[in-house]
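1. Okay, sequence plus prediction incoming.
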There are 2 protein chains.
Amino acid sequence: MAPSSPEVLLWQRARDPHTGRWALPGGRLGATEDVEASVRRHLAEKVDLGEVAHVEQLSVFSDPHRGPAPRRVATAFLGLVPSDADPAVPDDTAWHPVDALPPTAFDHGEITRAGLDRLRAKLSYTNIGFALAPEIFSISELRRLYASALGHRVSATNLQRVLTRRGVLVPTGSTAAPGPSGGRPAALFRFSEHRLRVTDPFATLRPPDC
Amino acid sequence: MAPSSPEVLLWQRARDPHTGRWALPGGRLGATEDVEASVRRHLAEKVDLGEVAHVEQLSVFSDPHRGPAPRRVATAFLGLVPSDADPAVPDDTAWHPVDALPPTAFDHGEITRAGLDRLRAKLSYTNIGFALAPEIFSISELRRLYASALGHRVSATNLQRVLTRRGVLVPTGSTAAPGPSGGRPAALFRFSEHRLRVTDPFATLRPPDC
């Protein structure tokens, strides 16, 4: 079974240009802020920032024809909230599966796909899973999150082994309540850190031990 | 012995602000170009673009106080030329070791260090070495380039083994002329591709074979 796609938060434009189309949260850079401060300010109008686990700069989108005049250059960010977060959002705003986007405004479809590409890449060599997972989770839950983001199946056994070896996964010592069908209770885990870290610098290129 | 540092191309400002300080090549975004086209246009004023082996977007630098008014937001790029390139540059322009920069204009010292950080990271999980190396090289030459960029010693044996396993290094079948002291002639290699490719997606996160 194909894993379900991650979702992106979009709002439906009520005004020209692109009335009715769906857009990423955003807005203009203020005179006294940098782009990082600006993205947090604009995002705060849509969601509770306490639930945003990670934000990073993605890329500049600057095609002169990306929107009608006056020209705007966009600095795009990737922001992640854990799977169990359920932030209150305004009436014009909703979550959409990345693989089944509604008609999007400007180049926001392209930006969304660039964000997913970045997430997929960083799942490979960083601990970025911390920003997708609840505080405490079973390996089976974590496997579903990785599979959803990566768009392919992931082996739970292998995932646990590798994340443990990287030192990013820590057993809590407790187990989940058994489901209605009984069975062995699942061990619960957490991420050791909630700050992005490169976990897989290539071995050859590390400083030699001696 | 510590490896020598990579060098960055800077030009010395002849006008305020920051007269006499050294700046990265750059300039304003034109009305009909995107930032990628703009960086190539501005760079072409300093070097022969045929020698630029790789260019990629680095990050936006947008501190409101990064320069005097009027405010400018910079999109910074990392551009690499092979070690044997020797582009003609204007009189006001020169190469400087990244670890011994002269006084820099604006936040260009910070941008330069961000570029080096990006290069170091990408040496770990991509074939980006192609943009640093001459067309044909010995492992010993390649080792020096990696050590210089990474800032630490690198084992030639290990480097050859790993890059071969990644499929990015190809033997040419020829050898270098022996040096004045004679000895065994060094085998010569080339990169299999001259386009950036991620070589080390983490094994767990690849699609399963079955």
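-> Looks like it came in fine.
2. For the residue nearest to residue A:68 when sequence neighbours are not counted, give me its contacts.
-> Computed as C-beta to C-beta, 6 or more residues apart in numbering or on different chains, the closest residue to residue A:68 that is not its neighbour in sequence is residue A:17, at 5.0 Å. All C-beta spots, glycine's among them, are computed from the backbone N, C-alpha and C. Residue A:17 is in contact with A:67, A:68, A:105, counting by C-beta atoms under 8 Å, 6 or more residues apart in numbering or on different chains.
3. Using JSON lines, lay out these together with pLDDT and secondary structure.
-> Compiled in JSON lines, the contacts of residue A:17 are given as follows (pLDDT from 0 to 100; DSSP: H, G, I helix; E, B strand; the rest coil):
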{"residue": "A:67", "pLDDT": "94", "secondary structure": "coil"}
{"residue": "A:68", "pLDDT": "93", "secondary structure": "coil"}
{"residue": "A:105", "pLDDT": "97", "secondary structure": "coil"}
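4. Adding neighbour count, write these out as a markdown table.
-> As requested, these are arranged in a markdown table below (neighbours: other C-beta atoms under 10 Å in any protein chain shown):
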| residue | neighbour count |
| --- | --- |
| A:67 | 16 |
| A:68 | 11 |
| A:105 | 19 |
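5. tell me which of the residues you listed is nearest to chain B?
-> The shortest approach to chain B among the contacts of residue A:17 belongs to residue A:67, at 12.9 Å (C-beta to the nearest C-beta).
6. Pull the contacting residues for that closest one.
-> With contact set as C-beta under 8 Å, 6+ apart, residue A:67 has these partners: A:17, A:106, A:107.
7. hmm, try it at 7 Å
-> The contact partners of residue A:67, by C-beta atoms under 7 Å, 6 or more residues apart in numbering or on different chains, come to A:17, A:106.
8. Could you check the one helix or strand residue A:41 maps to and say which residues are buried?
-> Secondary structure from DSSP states H and E places residue A:41 in helix A:35-44. Applying a neighbour-count criterion of 16 or more other C-beta atoms under 10 Å in any protein chain shown, the buried positions in helix A:35-44 are A:35, A:36, A:38, A:39, A:42, A:43.
9. Could you pull out the buried residues of the helix or strand of chain A with the lowest mean pLDDT?
-> Of all regular secondary-structure elements in chain A, judged by mean pLDDT, DSSP states H and E, the least confident is helix A:156-165 with a mean of 91. Residues of helix A:156-165 classed as buried by neighbour count (16+ other C-beta under 10 Å): A:156, A:159, A:160, A:162, A:163.
10. Residues touching the helix or strand just after it, excluding its own?
-> With elements assigned by DSSP H and E, the helix or strand that comes after helix A:156-165 is strand A:169-175. The list of residues contacting strand A:169-175 from outside it, by C-beta under 7 Å, 6+ apart, reads A:136, A:160, A:163, A:185, A:186, A:187, A:188, A:189, A:190, A:191, A:192.
11. so residue A:46 touches residue A:93, yeah?
-> Yes - with contact defined as C-beta atoms under 7 Å, residue A:46 counts as touching residue A:93 (5.6 Å).
12. intersection of neighbour lists for those two?
-> Shared between the contact lists of residue A:46 and residue A:93 (criterion: C-beta under 7 Å, 6+ apart) are residues A:9, A:11.
13. near chain B, anything from the helix holding residue A:41?
-> Yes - applying C-beta under 7 Å from any C-beta of the partner chain, one finds helix A:35-44 touching chain B at residue A:35.
14. Extract the CA atoms of that helix and return them as CSV.
-> This file holds the C-alpha atoms of helix A:35-44, laid out as CSV (Å, rounded to 0.1, in the frame of the first residue of the first chain):
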residue,chain,number,x,y,z
VAL,A,35,13.7,37.1,6.5
GLU,A,36,13.8,34.6,9.4
ALA,A,37,11.9,37.0,11.7
SER,A,38,9.5,37.8,8.9
VAL,A,39,8.6,34.2,8.2
ARG,A,40,7.9,33.6,11.9
ARG,A,41,5.7,36.7,12.1
HIS,A,42,3.7,35.8,9.0
LEU,A,43,3.4,32.2,10.1
ALA,A,44,2.1,33.2,13.5
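15. Excluding covalently adjacent residues, which one is nearest to the residue nearest to the spatial centre of chain A?
-> For chain A, the residue sitting closest to the mean C-alpha position, by C-alpha atoms, centre = their mean, is residue A:80 at 3.4 Å. By the measure of C-beta to C-beta, 6+ apart, the closest residue to residue A:80 outside its immediate chain neighbours is residue A:131, 3.8 Å from it.
16. how about that neighbour, what does it touch?
-> Taking C-beta under 7 Å, 6+ apart as the definition of contact, the neighbours of residue A:131 are A:53, A:54, A:80, A:82.
17. For residue B:180, state which of these is nearest.
-> Within these, proximity to residue B:180 (C-beta to C-beta) peaks at residue A:54, which comes in at 56.0 Å.
18. quick one: contacts for the closest residue to residue A:99 other than its chain neighbours?
-> The spatial neighbour of residue A:99 that comes closest, neighbours along the chain excluded (C-beta to C-beta, 6+ apart), is residue A:5 at 3.9 Å. Under the criterion of C-beta under 7 Å, 6+ apart, the neighbours of residue A:5 are A:97, A:98, A:99, A:148.
19. how near is residue A:39 to residue B:101?
-> Using C-beta to C-beta, to the nearest Å, we find residue A:39 at a distance of 30 Å from residue B:101.
20. where does chain A dip in pLDDT?
-> In the prediction, chain A carries residues with pLDDT under 70 at positions A:1-3, A:201-210.
21. so where do the helices sit in it?
-> In chain A, the segments counted as helices under DSSP state H are A:35-44, A:108-125, A:139-150, A:156-165.
22. so which of the ones you listed comes closest to residue A:58?
-> If we rank those by C-beta to C-beta, the stretch that ends up nearest is helix A:108-125, at 5.8 Å.
23. And chain B, is that closest one touching that?
-> Yes - if you take C-beta under 7 Å from any C-beta as the test, helix A:108-125 does meet chain B, through A:121, A:123, A:124, A:125.
24. what sits up against that helix?
-> Counting contacts by C-beta under 7 Å, 6+ apart, the residues outside helix A:108-125 that touch it are A:6, A:8, A:23-24, A:58-59, A:61, A:76, A:78, A:98, A:101, A:128-129, A:146, A:149-150, A:198-200, B:125, B:198, B:201-202, B:205.
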